[in-house]
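Q: could you work out the structure for the sequence below:
(one chain, ligands or ions: 2)
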Amino acid sequence: MKCPACQEPLIVIEREGIEVDWCAACGGIWFDAGELELLAEAAGRDFVLAFRQTSPGRAGASRPRRCPRCAKRLEPRALAQEPPTELDLCPRGHGIWLDRGELGATLRGMQTAAGAPDAGCVAEFLGETFDAPVKRQPSPDPKARRETGNGKR
Ligand SMILES: [Zn+2]
Ligand SMILES: [Zn+2]
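A: Ligands and ions are numbered 1, 2, ... in the order given. Okay, here's the model as predicted:
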């Protein structure tokens, strides 16, 4: 499957029994139908996706995004929460695409389920699974390198 946003091949990641397709290039995540609900449950959230009536469409999206399963154009839908998070849904119900950072915002927009464990596991899940591999090595500071290279002054 290819990333709807940048066309790179998606990587299958499994954590806590939930399988998602993740893009190493842009950090976006594809959830097949039902997977996002499983993750919300694992994170101790009451799964609710409430959308606004209209969505302005993604700012700066240069080309239509397509479902990695059926290649139908994904429908941008804005969640009814502040700040609004925009997700891309397959019109045939194959799943949901979330850009990097939108998963955290989406989960934070859901109520913590009664008696659920502390939602710290959300951060853990996000951090370990989706954030860590994307972090790039900080590029060497050219100023620092020059200083070491020049030696004494
Ligand atoms: Zn991508
Ligand atoms: Zn589809």
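Q: what distance do you get for residue 106 to ligand 2?
A: 19 Å (C-beta to the ion, to the nearest Å). For the C-beta atoms, the positions are set from N, CA and C on the backbone; glycine is no exception.
Q: am I right that that residue is in a helix?
A: Yes: counting by DSSP: H, G, I helix; E, B strand; the rest coil, residue 106 is found in a helix.
Q: and it, how far is that from residue 9?
A: Distance of residue 106 to residue 9, computed by C-beta to C-beta, to the nearest Å: 24 Å.
Q: equivalent analysis for residue 89, please.
A: For residue 89, the distance to residue 9 equals 22 Å [C-beta to C-beta].
Q: between these two, who's got more neighbours?
A: Neighbours per residue, other C-beta atoms under 10 Å: of residue 89 and residue 9, the larger number sits with residue 89, 18 against 12.
Q: in stretch 78-94, what's buried?
A: 78, 79, 81, 85, 86, 87, 88, 89, 90, 94 (16 or more other C-beta atoms under 10 Å).
Q: pretty sure the first one contacts residue 88?
A: No: taking contact to mean C-beta atoms under 8 Å, the distance of 10.8 Å between residue 78 and residue 88 leaves them out of contact.
Q: give the contact list for the closest residue to residue 49 other than its chain neighbours.
A: Nearest non-adjacent residue to residue 49, counting by C-beta to C-beta, 6 or more residues apart in numbering: residue 79, 6.7 Å away. Residue 79 sits next to 49, 50, 51, 52, 85, 86, 87, 106, 109 when contact means C-beta atoms under 8 Å, 6 or more residues apart in numbering.
Q: so what sits opposite residue 79 in the bridge?
A: residue 51 (DSSP bridges).
Q: good, wrapping up.
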